[in-house]
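Asks: build me a model:
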Amino acid sequence: FNSQTDLGILHYLGKAVHASKHPLVKSYFWKLPRIGEIKINTDGAANRNPGKGGIGCIFCDCSGNVMGTLSKVLGLVTNFMAECEAIIHEVEYAASFGWFIAWIESDSTTAVEALKKNNIPWILGAAWENAS
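Replies: Residues are numbered from 1 along each chain as shown. The predicted structure is shown next:
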């Protein structure tokens, strides 16, 4: 956040000046599910990779009302495992309430594709089979 003057002074003093990358801002639109359906937004992450991980999910109805939330500490996992576990746990949670799922929204294309193709880590196989 240095001004042009600040950068000029640093350059004059012989200090290295590096340009900072500007954040990329994208627009996203959150859409409501249809009447009688539930939308689930989810995320999973690990602090480092692998590292201590956790998941979070939010369940909304067609009016945008929050039907429930879910968060869980996972222990030592990779980011991919955390993303997969988030989806598995949210499906189990929704099923326990008898909710029909309109769609699951996740920021991990890799995890979504792996679950679609039933190509997930073996340790999660039984949980995914049970949930789905």
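Asks: who touches stretch 114-124?
Replies: Under the criterion C-beta atoms under 8 Å, 6 or more residues apart in numbering, residues 80-81, 84-85, 87-88, 113, 128 lie in contact with stretch 114-124. Heads up, the C-betas are built off the backbone N, CA and C, glycines and all.
Asks: quick check: the residue most central in space within the chain vs Gly54, distance?
Replies: Note on the chain: the residue nearest the mean C-alpha position is Asp43, at 2.3 Å, using C-alpha atoms, centre = their mean. Asp43 is 9 Å from Gly54, where distance means C-beta to C-beta, to the nearest Å.
Asks: which element follows whichever helix in the chain runs longest toward the C-terminus?
Replies: Determined from DSSP state H, the single longest helix within the chain is helix 79-96. Note on helix 79-96: by DSSP states H and E, the next helix or strand toward the C-terminus is strand 101-106.
Asks: and that following strand, which strands flank it?
Replies: strand 38-48 (parallel) (DSSP bridges).
Asks: what two of the contacts of stretch 114-124 are the furthest from one another?
Replies: Farthest-apart pair in the contacts of stretch 114-124 is Glu85 and Glu113; separation 15.8 Å (C-beta to C-beta).
Asks: who has more neighbours, these two?
Replies: Glu85 (25 against 10; other C-beta atoms under 10 Å).
Asks: Cys57 is in contact with the more buried one, correct?
Replies: No. Counting by C-beta atoms under 8 Å, Glu85 does not reach Cys57; the two are 10.6 Å apart.
Asks: for stretch 63-76, C-alpha coordinates in CSV please.
Replies: Extracted in CSV, the C-alpha atoms of stretch 63-76 (Å, rounded to 0.1, in the frame of the first residue of the first chain):
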residue,chain,number,x,y,z
SER,A,63,-36.6,-19.1,0.5
GLY,A,64,-33.0,-18.8,1.5
ASN,A,65,-33.7,-19.8,5.1
VAL,A,66,-30.9,-21.7,6.9
MET,A,67,-32.2,-25.1,7.7
GLY,A,68,-29.1,-26.2,9.5
THR,A,69,-25.3,-26.0,9.7
LEU,A,70,-22.6,-28.5,10.2
SER,A,71,-19.0,-28.1,11.2
LYS,A,72,-16.5,-30.7,12.3
VAL,A,73,-12.8,-31.0,13.2
LEU,A,74,-11.1,-33.7,11.2
GLY,A,75,-7.6,-34.1,12.5
LEU,A,76,-4.7,-34.7,10.2
